[in-house]
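> give me the fold of what follows.
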Amino acid sequence: MENNNFSQTEQNNPSNVEKPNNAAMMQILSSSIKWSNFVGVMWIISGAITCITIIGIILGIPMIIMGVKLLNLSESLKVLQFDFSNEGTQKSFDALNRYLKVHGIYFILYIICALIPIIIFIIILLLLPTSFMHDFSNSIMDGIY
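Sure, this is the predicted structure:
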């Protein structure tokens, strides 16, 4: 038999507003609300600090947006605590989906911002010996003639 959080009557009656009857599930939901609040605020603070530099704005703004989306998710989870209907569940998963999309965009921006300096460094390393060798050979030839 499956272990789930709804009684058999609630499963058979879709028009009934479903209430979670599992204390462990409510504890997990409560913990998720607290952590999403904390992490959301930390994303906003980190984003604000990152935005101090001009280059940091590229990463700071998505961090602030992620924090706001996570706080929205927290609010949806608070509603879900008391209204475990399909609408409440849908709103919570919609908020989670939005947060994950912004987080994915941030991750892509982070990779791009990390790769750009590496690519510039490699280009400099590839061009430096060519320029150095050209100047060196010219100075040798000048000394001979």
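
> low-confidence regions, this protein specifically.
Along the chain, the model assigns pLDDT under 70 to residues 1-21, 129-145.

> all helices for it, in order.
8-12, 23-50, 57-82, 86-144 (DSSP state H).

> relative to helix 57-82, how tilted is the last one?
This points to helix 86-144. Going by axes from the mean of the first three to the mean of the last three Cα atoms, to 10 degrees, helix 86-144 is angled at 160 degrees with respect to helix 57-82.

> so helix 86-144 versus helix 23-50, what angle?
Going by the same axes, to 10 degrees, helix 86-144 makes 40 degrees with helix 23-50.

> measure the residue nearest the centre of the chain to residue 50 for me?
Nearest to the geometric centre of the chain sits residue 103, at 2.4 Å (Cα atoms, centre = their mean). Remark: distance between residue 103 and residue 50 (Cβ to Cβ, to the nearest Å) = 15 Å. For glycine as for every other residue, the C-beta is placed from the backbone atoms N, C-alpha and C.

> again, but for residue 24
To residue 50, residue 24 is 37 Å away according to Cβ to Cβ.

> residue 107 too?
For residue 107, the distance to residue 50 - Cβ to Cβ - is 15 Å.

> ok, now residue 36?
Taking Cβ to Cβ, one finds residue 36 at 20 Å from residue 50.

> these two: who's more crowded?
residue 36 (23 against 18; other Cβ atoms under 10 Å).

> can you get me a residue count around the closest residue to the more buried one other than its chain neighbours?
Spatially, and ignoring its direct neighbours in sequence, residue 36 is nearest to residue 74 (4.1 Å; Cβ to Cβ, 6 or more residues apart in numbering). Neighbour count for residue 74, taken as other Cβ under 10 Å: 22.

> quick check: buried residues in stretch 79-99?
Judged by neighbour count (16 or more other Cβ atoms under 10 Å), stretch 79-99 contains these buried residues: 79-80, 84, 88, 91-92, 95-96, 98-99.

> looking at these, which is nearest residue 62?
residue 99 (11.5 Å; Cβ to Cβ).

> residue 105 is in contact with residue 62, isn't it?
Yes. Residue 105 is within contact range of residue 62, at 6.0 Å (criterion: Cβ atoms under 8 Å).
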